[in-house]
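Chemist: Based on what follows, work out the 3D shape:
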Amino acid sequence: MTKKESFLQAMLQCPTVSEAAKVAGISRSTAYKYINDEDFRLKLSKAKSEILSGTATYLQQNLAICGKELMKIVKDPATPAAVRVQAINTVFCNAKALTETADIVQKLTDIESKVKEGKT
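Modeler: Now for the predicted structure:
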């Protein structure tokens, strides 16, 4: 693995450029030279997108479990009222956000289909 590749990996794991440079065994000036390189920036951006996509997929796969657990809290009369209210609020807020996101995704899918068909 090259120093540049090591730095890219470190950038995905470290909170700062300085820390990533230290982990990769390069100077800060070399780190910033890499960061200013268009190809490096594209690779870093792609790697971050892949991480975010993987995380989103993982969370989506576990939404049902989380929802069931929240509903157990909401329905359990032994749960303190403040905790139940917080659980209810969490369910409502997340259901709203998920619904809005699903609507936007569907609209984008419809627009993309129309564009592909030449019906803009």
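
Chemist: mind checking the backbone torsions on the residue nearest the centre of the chain?
Modeler: Centroid-nearest residue in the chain, with Cα atoms, centre = their mean: Leu52, separated by 3.6 Å. When quoted as degrees, to the nearest 10, the phi and psi of Leu52 stand at phi -60, psi -40.

Chemist: And the pLDDT for it?
Modeler: With respect to pLDDT, Leu52 scores 86.

Chemist: and what of the one 3 residues further on?
Modeler: If you check Thr55, the pLDDT there is 85.

Chemist: so how many other residues sit close to Ala97?
Modeler: Other residues lying near Ala97 total 10 when counted by other Cβ atoms under 10 Å. Backbone N, C-alpha and C define where each C-beta goes, glycine included.

Chemist: same question, Met11
Modeler: Neighbour tally, Met11, other Cβ under 10 Å: 24.

Chemist: In this structure it contacts Val17, no?
Modeler: Yes. Counting by Cβ atoms under 8 Å, Val17 is a contact partner of Met11 at 7.4 Å.

Chemist: tell me, how many neighbours does Pro15 end up with?
Modeler: Pro15, neighbours per other Cβ under 10 Å, totals 8.

Chemist: Could you check how far it is from Arg28?
Modeler: 15 Å (Cβ to Cβ, to the nearest Å).

Chemist: Then Glu69?
Modeler: 45 Å.

Chemist: same check, this time on Asp110
Modeler: Taken as Cβ to Cβ, the span from Asp110 to Arg28 is 47 Å.

Chemist: Those two: which is more packed in?
Modeler: Arg28 (13 against 10).

Chemist: quick one, phi/psi of that one?
Modeler: Dihedral pair for Arg28: phi -60, psi -40, per degrees, to the nearest 10.

Chemist: And for Asp76?
Modeler: The phi/psi pair for Asp76 (degrees, to the nearest 10) is phi -80, psi 110.
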